[in-house]
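Visitor: coordinates only, sequence not included:
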């Protein structure tokens, strides 16, 4: 794998971890004013443009009254496919 492809792969992997961190923190609902809340907001701002795209494209990704949003999962799946394409190049 070329160095450029490897760097792209690493960037995609890092972004995937940001999405995972965002999803995990959304379950915790940190108290406003805490350091964890600031991290949550940072992760949200960094990942919302990408994850929000899937939420708009797949309105059925939100599961009824349960408050479960599957758009981060769909976003991760697409990201993992992109990572595999980069590896194959």
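Guide: That came through fine. Not measured: the values here are computed from a predicted model.
Visitor: what sits up against the strand or helix carrying residue 45?
Guide: Using DSSP states H and E, residue 45 sits in helix 35-57. Applying Cβ atoms under 8 Å, 6 or more residues apart in numbering, the external contacts of helix 35-57 come out as 15, 18-19, 21-22, 25-26, 28, 30-31, 61-62, 69, 71-72, 74-75, 78. Quick note: C-beta positions are derived from backbone N, CA and C, even for glycine.
Visitor: hmm, try it at 7 Å
Guide: Residues outside helix 35-57 that contact it (Cβ atoms under 7 Å, 6 or more residues apart in numbering): 18-19, 21-22, 25, 30-31, 61, 69, 71-72, 74-75.
Visitor: can you check stretch 7-16 too?
Guide: The contact list for stretch 7-16, computed with Cβ under 7 Å, 6+ apart, reads 76, 79, 82-83, 86-87.
Visitor: Derive a PyMOL selection command for the buried subset of those residues.
Guide: Provided next is the PyMOL selection string for whichever of those are buried by 16 or more other Cβ atoms under 10 Å:
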select buried, resi 76+79+83+86
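Visitor: mind listing which of the contacts of stretch 7-16 are in helices?
Guide: 76, 79, 82-83, 86-87 (DSSP state H).
Visitor: centre of the chain versus the helix holding residue 45, how much separation?
Guide: 7 Å (Cα atoms, centre = their mean, to the nearest Å).
Visitor: Could you list the single helix or strand in the chain with the lowest mean pLDDT?
Guide: Lowest by mean pLDDT, DSSP states H and E among the helices and strands of the chain is strand 62-63, with a mean of 64.
Visitor: right, and the helix or strand after that one?
Guide: Trace forward from strand 62-63 with DSSP H and E and the next one is strand 68-69.
Visitor: Give the partner strands of that following strand in its sheet and their orientations.
Guide: Next to strand 68-69 in the sheet, as set by DSSP bridges, lie strand 62-63 (antiparallel).
Visitor: Give me the residue at the spatial middle of this structure.
Guide: residue 19 (2.5 Å; Cα atoms, centre = their mean).
Visitor: which residues touch that one?
Guide: Applying Cβ under 7 Å, 6+ apart, we find residue 19 in contact with 47, 51, 72, 75-76.
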